[in-house]
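S.K.: here is my input, please return the structure:
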Amino acid sequence: MSLLSKRWRWMWVSSPFLYFNGVTDIPLSKVNNPGWIFKFFYDCLTCHEKYMQVPETSITSFKFEKYYMLKHDGTRPVNDWLSFVVQRNVKELELCYNNYLLPQFVLNASSLTVLKLTSLKLEAPYASTFPSLKVLSLRNMKLDSKSLQNLISGCPVIEDLDLRIDLVFDVSKTLENPSLLNVNFPKQWLESLISNLPLLERFAFVCRNSEFHNVSIRSHSLKSLLISVGSFTETSFSIRTPNLTFLEFISFQKPVISIEAPNLFEANVKLSEIYWSKDLYNDLVHFFKNLDCLKKLKLYISPKQDYIFSESIRKTLSPPLPNLKRLDAFVSIQDGHFVGNYVSRDNCCGYVDE
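M.R.: Next up, the predicted model:
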């Protein structure tokens, strides 16, 4: 055992994967004095640089997750670690660090193919340089739309874009054409974003503080789409995505959707009790007719509404989902938790029996 331990002791220093995770169990006394943590990470990187048996361009992935707040002087060591991996042409970078301001040199790390950021601050006054970046994920980050625009403008081959953020739309600083000041800016921004990413296959967009009305999403490359908008005004989307196979849609108000997606196979839809008017059944039928090619549906609903179509309704309204083969219905119980029930269909009837 001792011989094996000595033999393997320094094997890790040649690994192209550096993951620093799971520091949530550190005692509070050490959290308040985190110098020993920085020393440990610094020693790890120093050993990697000194003893690794592979070229300096060998760092494939660097992940750093830190869930507690450090003092301001804690940012410099993290900057040094990032500088270390960027200089060695890291390909995949994942950071989770509350209120840490991402250094500008990371925005010009041309070797990156994957960039995932959580709970950071990001300021991008100039366009980024990510010629090889295919995956970009921004979660729980508050940034202005200009910085986001500059970040994405340097990603010509992006395929997977996940935005779950609080965007700040400062029209006066973002729009160069003054004639556009009167338009619905979130709408114009979102439409432009998608149209300028011709290789985009997966797009997830979660935004809680902006209004989106009459938004047109058009993309031939898009295969998976998630939209969650926290606006308390009517949300309307026109979606033209011929190759879309998966859709997830969440909204706090009754959505108005027009969809042309002939290859759409599966959808997740979350309905709130405040969605619908008194004419609930007509609203539902109209909504789901846009998804008439679906084969699989996960439906999240509120117990405050009766979603069972009566016999008279079934005789009056044509089935909205004639091709549906599987329905998973989830009813909200409390605090956003859902309980589920699976309904299978062997025929192409439009309504699920009680």
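S.K.: show me where the stretch 201-350 of the chain has helices.
M.R.: 280-289, 311-316 (DSSP state H, counting those that start in this stretch).
S.K.: deepest-packed of those helices, please.
M.R.: With neighbours taken as mean count of other CB atoms under 10 Å, these reach their highest mean count in helix 280-289, at a mean of 18. To be clear about C-beta, it is placed using only N, CA and C from the backbone, and glycine gets the same treatment.
S.K.: rewinding a little: mean pLDDT and distance to residue 190 added to the helices of the stretch 201-350 of the chain, as a markdown table?
M.R.: Shown next, in a markdown table, are those (pLDDT from 0 to 100; distance: least, CB to CB, whole Å):
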| stretch | mean pLDDT | distance to residue 190 |
| --- | --- | --- |
| helix 280-289 | 74 | 21 |
| helix 311-316 | 71 | 36 |
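S.K.: dump the ones you listed to CSV, plus distance to residue 157.
M.R.: Supplementary listing: the helices of the stretch 201-350 of the chain in CSV, determined by distance: least, CB to CB, whole Å:
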stretch, distance to residue 157
helix 280-289, 35
helix 311-316, 49
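S.K.: right, and the helix or strand after the helix or strand residue 151 falls within?
M.R.: Applying DSSP states H and E as the criterion places residue 151 in helix 145-153. Using DSSP H and E, the helix or strand that follows helix 145-153 towards the C-terminus is strand 160-168.
S.K.: can you name every helix or strand that that following strand contacts?
M.R.: strand 135-144, helix 145-153, strand 202-207 (3 or more CB pairs under 8 Å, 6 or more residues apart in numbering; DSSP states H and E).
S.K.: next up, the contacts around residue 130.
M.R.: 107, 109-110, 112, 115, 136, 154-155, 158 (CB atoms under 8 Å, 6 or more residues apart in numbering).
S.K.: kindly apply the preceding question to residue 108 instead.
M.R.: Neighbours of residue 108 in contact, by CB under 8 Å, 6+ apart: 128-129.
S.K.: gap between it and residue 157?
M.R.: Between residue 108 and residue 157 the computed distance is 16 Å (CB to CB, to the nearest Å).
S.K.: show me which helix or strand of this structure is least confident by mean pLDDT.
M.R.: helix 171-174 (a mean of 40; mean pLDDT, DSSP states H and E).
S.K.: beyond that one, next helix or strand please.
M.R.: Downstream of helix 171-174 (by DSSP H and E), the next one is helix 185-195.
S.K.: who does residue 114 form a beta bridge with?
M.R.: Assessed by DSSP bridges, residue 114 has beta-bridge partners residue 92, residue 135.
S.K.: need the contact list for it.
M.R.: Contacts of residue 114 by CB under 8 Å, 6+ apart are 61, 91-94, 133-135.
S.K.: okay, those in JSON lines with distance to residue 236, pLDDT and neighbour count next?
M.R.: Shown next, in JSON lines, are the contacts of residue 114 (distance: CB to CB, whole Å; pLDDT from 0 to 100; neighbours: other CB atoms under 10 Å):
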{"residue": "61", "distance to residue 236": "41", "pLDDT": "89", "neighbour count": "17"}
{"residue": "91", "distance to residue 236": "40", "pLDDT": "95", "neighbour count": "19"}
{"residue": "92", "distance to residue 236": "37", "pLDDT": "96", "neighbour count": "19"}
{"residue": "93", "distance to residue 236": "37", "pLDDT": "96", "neighbour count": "22"}
{"residue": "94", "distance to residue 236": "35", "pLDDT": "95", "neighbour count": "17"}
{"residue": "133", "distance to residue 236": "32", "pLDDT": "95", "neighbour count": "25"}
{"residue": "134", "distance to residue 236": "31", "pLDDT": "95", "neighbour count": "17"}
{"residue": "135", "distance to residue 236": "30", "pLDDT": "95", "neighbour count": "17"}
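S.K.: now residue 195: how far from residue 76?
M.R.: In terms of CB to CB, residue 195 sits 40 Å off from residue 76.
S.K.: so between these two, which is more surrounded?
M.R.: residue 195 (13 against 10; other CB atoms under 10 Å).
S.K.: quick one, what contacts the more buried one?
M.R.: Under the criterion of CB under 8 Å, 6+ apart, the contact list for residue 195 reads 218-219.
S.K.: go with 7 Å
M.R.: residue 218 (CB atoms under 7 Å, 6 or more residues apart in numbering).
S.K.: okay, now the unreliable bits of the stretch 51-200 of the chain?
M.R.: Scanning the stretch 51-200 of the chain for pLDDT under 70 picks out the ranges 51-58, 67-74, 167-186.
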